[in-house]
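[1] Attaching a predicted model along with its sequence, questions to come.
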Amino acid sequence: MATHEAALRTHDAAHARAAEGSGVLAWLTTVDHKRIGILYGSTAFAFLLIGGLEALLIRTQLLRPHMGVVSAQTYNALFTMHGTTMIFLAVMPLNAAFFNYIVPLMIGARDVAFPRLNALSYWIFLAGALFLNASFLVGTPPDAGWFGYANLTTRPFSPGPNVDFWLLSLQVLGASSVIAAVNFIVTILNMRAPGMTLMRMPLFVWMTLVTQFLIVLAFPSVTVGLIFLMFDRFLGTHFYDVAAGGDLHLWQHLFWIFGHPEVYILILPAFGIVSEVLPTFSRKPLFGAPVVIYSGVLIGFFGFGVWSHHMFAVGMGPVADAAFSIATMLIAVPTGVKIFNWLATMWGGRIRPTVAFHYAAGLVALFTIGGLSGVMHASPPVDLQQHDSYFVVAHMHYVLIGGSLIGIFAGLYYWWPKMTGRMLDERLGRLQFWLVVLGFNVAFFPQHFLGALGMPRRIYTYGVGSGWELWNLVSSLGAYVLGIGVLLFVLIAARSLRSGPRAPADPWDARTLEWRTSSPPPVHDFDAIPPVYGRDSFWREKYGDARGRKPAPRPETPDPHGIHLPSPSFWPVVIALGIGTAAVGALLHTALVVIGAGITVVGAFAFALQHHRDPAHVVQIGNLGVDHRKLAMWVFLGSECFFFGTLIATYIAYKGRSVVGPLPHEILNIPLTTLSTFDLLMSSLLMVLALAAVQRDDRAQSRLWLAGTALFGLIFLGFQAYEFTHFVHEGLTLQSNLFGSTFFVLTGFHGGHVTLGVLWLLALLVLDLRGRLAVSDSIKVEVAALYWHFVDIVWIVIFTLVYLLP
Amino acid sequence: MTEPLQATQHEHASIGTYVRVAVILCIVTALEFTVIYIRRLTPILLPLLLVLSAGKFALVVMFYMHLRYDAKPLTFFFVSALLLASGIALALMTLTGDFLVFKR
């Protein structure tokens, strides 16, 4: 491989991205997946320290009975911000750091499918994270728990801006996650090196893929829940207003439909990391790799059917309890399969006990403890005893620290040399490992006892003689040791960056493609896309298969179009700035919302035009034989199914629960809506005619049909504006009753989608009129058409379920 | 700069097919509007409307969104997401509000 590295070192400077440098501007405008990975990692680690500090304050308050370190109000804010920070600002983005840096290298790609969109994800994430933490600066941090149960979060019970910071930032962070997830799904499915079939993909890539699908499909439900909460708080709707007929369980369902898959969003990447680290340091292939893959997929699938086990205590009835209990027990099966496969991988291996291996093996042990206590919660009678006790706190930390964080440390020690070109100190690393593992167990194992002794969660103090004194003391001391362990990593990392030994390309004698390039990799990752000889391709290339037979070397075919990398862009920062401004405006002044929205829209148009002029990749057709953009749109539409499905389900669930009129049958104008439905359906016909015209390069027809589609869209919006105005005159507003709240939000969001579609069509029309929509750009019209038709089919469902059904 | 021509397009339907689908969509919409005023259909109105709506939905997805002609993985992604979303929406309606069918 030495020659390969040498070739990389002498790569043509012309390959480098334009303006790739090391200044602040270069980092602000970077679209390089490796730099974005580093940005995610460093930001997330900073938030890990902040979240850890919040945890230590919590544990100091609970060190002894009647401690007065913080007030009850501050304590509420601390546990709310600790949970929110650790989940959304630390563990998720730490995983994203690995997705960004490692996944393209593992699949033999030069970058992700949408590099500028990748930068946008990071900057939106940063905007959301800073906005959330700005709540500390103004003295109103969120204080209603990371789960934000209604009606604790509604205006009468949380009148300050605390919850507003929380709900707005979570929506911003959610947008960042979904954008990134669509990007990685397309990257993994469509940008694998030739020969890398799905079943040859490394386990980390597989678990990343499953995680991204979970993000795309799980986030819409909590987004809808947060939108309802935002409307309740800002506009006086009644989604969580019991007096108006609302049901508080609605929030819990919407939250946990997201919240349980979120557990797997946090843990599956760690499973992927362990599945890479253990085979490398056991010098054996992963035992039963296909089964581990199927198990990961099954965990992801079952993850959508278990959410209500978080709600056994609300009293859903025996049928629902039984169904969710069985599903929860079932999900333990594929999880257990993974544990046994990892053990079998180590069994009989020539183990090299590096720090990365220590952490990977540590996950197997510690996550199993958390998994077993999870199975206990699957039983409703047992769960009722443990609900809201410290037993649950212990369980979740064994899963999220013993699983996720320990896995992330395994990944950090494993891939640090690749990312930085420097080795970490293994001796200090072992000390750091034992501090973390011992501190963690001393901190959290006693919490099982505290829960069994009846200590509830979220209490800021307790009395003498409660029987909780000893274990709280032990737990707090353990937390301090854990904190020292995490801080020690900062020291080790700093020493490595300053004076650590240089890392070779393949310091661990590893198995996957990222080790085939230099450490750190060149800007274009690989001079030529590497050949793939099977699972663990790099290992086969070095040592052959199980019998030592090496594959016949295949030449690295140079890219037929040369190495093309997209130029940097500052529009992602501008868009994120616009979104952040709008969020601040929501708390300060409507004018700021308008300014923020304006910046976002202008930034988005400039962003799109930049892509039009300078596409990210010369060839956008990938392994699935589909254009990246088209695949991305279909994945996004899958997410939209969940978004509108949740809105429609809420409308139907609340139908007939309004305690005052006007009611649907008194006010809905079915003949008028039938006309607007005809209009929208015909716009879909015009849209396909426009696409066909662009494809056959018929300029006159394409302009006519594009303009016609936009016009029909505007007519539909006109119908909707007339309907809304009429309803308001009849006394139905967002605030009138539950029907008004659900109807206006559902149809309003659909109208918003139509508006966006019209703007998109008009932009394409302008390009066409200026002669900048060639036949080769027909894919852009096709992607817009997919969005337009989706808006149409959503209306087909709304027309039937909202207007026609009695 | 525009991109070089890429072989992205699978065989799509003809203009005639698009127009025929539009005619069917209009007829079905007219049917939906009509059946709600026919008293004798009241007992079967719910399934009837759902079937008509599902038919329109499928026509748009298959012909206008080209799933009938496109790469199979796209159908897999969309149909899987649609079914999962429908299942969760149904469960949400079942577990919340007046749609409750399980005795608490």
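    That came through, no problem.

[2] who touches the helix or strand hosting A:Tyr75?
    Element membership of A:Tyr75, judged by DSSP states H and E, is helix A:72-84. Helix A:72-84 is contacted from outside by A:51, A:54-55, A:57-58, A:61, A:70, A:132-133, A:136, A:141-147, A:162, A:166, A:170, A:458, A:460-461, using Cβ atoms under 8 Å, 6 or more residues apart in numbering or on different chains. Backbone N, C-alpha and C define where each C-beta goes, glycine included.

[3] Make a ChimeraX selection of the buried ones in the residues you listed.
    The command below creates a ChimeraX selection of those among those that count as buried (16 or more other Cβ atoms under 10 Å in any protein chain shown):
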select /A:51,54,55,57,58,61,70,132,133,141,142,143,144,145,146,147,162,166,170,460
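
[4] Just the ones of the contacts of helix A:72-84 in helices?
    Among the contacts of helix A:72-84, DSSP state H puts A:51, A:54-55, A:57-58, A:61, A:132-133, A:136, A:162, A:166, A:170 in helices.

[5] hang on, isn't B:Val61 packed against B:Leu67?
    Yes - using Cβ atoms under 8 Å, B:Val61 is in contact with B:Leu67, at 5.3 Å.

[6] For those two, indicate the residue with more neighbours.
    Neighbour totals were compared for B:Val61 and B:Leu67, and B:Val61 leads with 22 against 19 (other Cβ atoms under 10 Å in any protein chain shown).

[7] before we move on, back to that, what do B:Val61 and B:Leu67 both touch?
    Taking Cβ under 8 Å, 6+ apart as the criterion, B:Val61 and B:Leu67 both touch B:Phe78.

[8] what about the residue of chain B found nearest chain A, is that helix, strand or coil?
    Chain B approaches chain A most closely through B:Ala81 (3.1 Å), counting by Cβ to the nearest Cβ. Following DSSP: H, G, I helix; E, B strand; the rest coil, B:Ala81 is assigned to helix.

[9] Work out for me the element A:Asn151 sits within.
    For A:Asn151, there is no host helix or strand (DSSP H and E).

[10] One more: B:His12?
    B:His12 belongs to no helix or strand, assigned by DSSP H and E.

[11] which ones are touching it?
    With Cβ under 8 Å, 6+ apart, B:His12 has these contacts: A:692, B:66, B:69.

[12] Okay, helices next: where are they in chain B?
    Along chain B, the segments classed as helices by DSSP H run B:15-35, B:45-59, B:72-95.

[13] Quick one: those helices as TSV, columns for mean neighbour count and mean pLDDT too.
    Output for the helices of chain B, formatted as TSV (neighbours: other Cβ atoms under 10 Å in any protein chain shown; pLDDT from 0 to 100):
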stretch	mean neighbour count	mean pLDDT
helix B:15-35	16	96
helix B:45-59	17	96
helix B:72-95	18	93
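
[14] Turn those into a markdown table, columns for distance to A:Asn441.
    Below are these laid out as a markdown table (distance: least, Cβ to Cβ, whole Å):
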| stretch | distance to A:Asn441 |
| --- | --- |
| helix B:15-35 | 63 |
| helix B:45-59 | 54 |
| helix B:72-95 | 37 |
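
[15] Mind checking those for the one nearest to A:Pro353?
    Closest to A:Pro353 of those, according to Cβ to Cβ: helix B:72-95, at 41.9 Å.

[16] I'd guessed A:Met207 sits against A:Phe271; true?
    Yes - taking contacts as Cβ under 8 Å, A:Met207 lies within contact range of A:Phe271: 5.4 Å.

[17] Mutual contacts of these two, please.
    Each of A:Gly296 lies in contact with both A:Met207 and A:Phe271 under the rule Cβ under 8 Å, 6+ apart.

[18] Between these two, point out the one with more neighbours.
    Using other Cβ under 10 Å as the criterion, A:Met207 and A:Phe271 rank with A:Met207 on top: 31 against 28.

[19] For the more buried one, give me the backbone phi and psi.
    Torsion angles at A:Met207 (phi, psi; degrees, to the nearest 10) stand at phi -70, psi -30.

[20] where's it relative to chain B, distance?
    For A:Met207, the distance to chain B (Cβ to the nearest Cβ, to the nearest Å) stands at 18 Å.

[21] and the residue in chain A that chain B sits nearest to, how many residues sit next to it?
    As assessed by Cβ to the nearest Cβ, chain B sits closest to A:Gly638 within chain A, at 3.1 Å. Using other Cβ under 10 Å, A:Gly638 has 23 neighbouring residues.

[22] That one in helix, strand or coil?
    Secondary structure state of A:Gly638, per three-state DSSP, is helix.

[23] tell me the domain ranges of chain A?
    What the record gives for chain A is the domain set A:34-539, A:568-617, A:655-804, from automatic domain parsing.

[24] Save those as JSON lines, and put in distance to A:Phe642 too.
    Output for the domains of chain A, formatted as JSON lines (distance: least, Cβ to Cβ, whole Å):
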{"stretch": "domain A:34-539", "distance to A:Phe642": "4"}
{"stretch": "domain A:568-617", "distance to A:Phe642": "22"}
{"stretch": "domain A:655-804", "distance to A:Phe642": "12"}
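
[25] Which one, of the helices of chain B, ends up nearest to A:Ala113?
    A:Ala113 sits nearest to helix B:72-95 of all the helices of chain B, at 15.0 Å, using Cβ to Cβ.

[26] Quick one: distance of the helix or strand hosting A:Leu477 to the chain centre.
    Element membership of A:Leu477 [criterion: DSSP H and E] is helix A:469-499. Centroid displacement of helix A:469-499 relative to its chain, using Cα atoms, centre = their mean, to the nearest Å, is 27 Å.

[27] Could you name the helices and strands sitting against that helix?
    Helix A:469-499 sits against helix A:33-61, helix A:406-420, helix A:426-452, with contacts defined as 3 or more Cβ pairs under 8 Å, 6 or more residues apart in numbering or on different chains; DSSP states H and E.

[28] could I get these as CSV with distance to chain B and mean pLDDT?
    What follows is these, written out as CSV (distance: least, Cβ to the nearest Cβ, whole Å; pLDDT from 0 to 100):
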stretch, distance to chain B, mean pLDDT
helix A:33-61, 21, 98
helix A:406-420, 27, 98
helix A:426-452, 27, 98
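
[29] Go through the ones you listed and pick out the most buried.
    For the helices and strands packed on helix A:469-499, the largest average neighbour count (mean count of other Cβ atoms under 10 Å in any protein chain shown) is found in helix A:406-420, namely a mean of 26.

[30] now the angle from that one to helix A:33-61?
    Angle of helix A:406-420 versus helix A:33-61, following axes from the mean of the first three to the mean of the last three Cα atoms, to 10 degrees, is 140 degrees.

[31] Off-centre distance for helix A:406-420?
    Offset of helix A:406-420 from its chain centre (Cα atoms, centre = their mean): 20 Å.

[32] How is chain B partitioned into domains?
    Following automatic domain parsing, chain B resolves into domains at B:13-68, B:71-104.

[33] Export these to CSV and append columns for distance to A:Pro553.
    Formatted as CSV, these follow (distance: least, Cβ to Cβ, whole Å):
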stretch, distance to A:Pro553
domain B:13-68, 41
domain B:71-104, 32
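
[34] Minimum distance to A:His589: which of these has it?
    Of all those, it is domain B:71-104 that lies closest to A:His589, at 35.7 Å by Cβ to Cβ.
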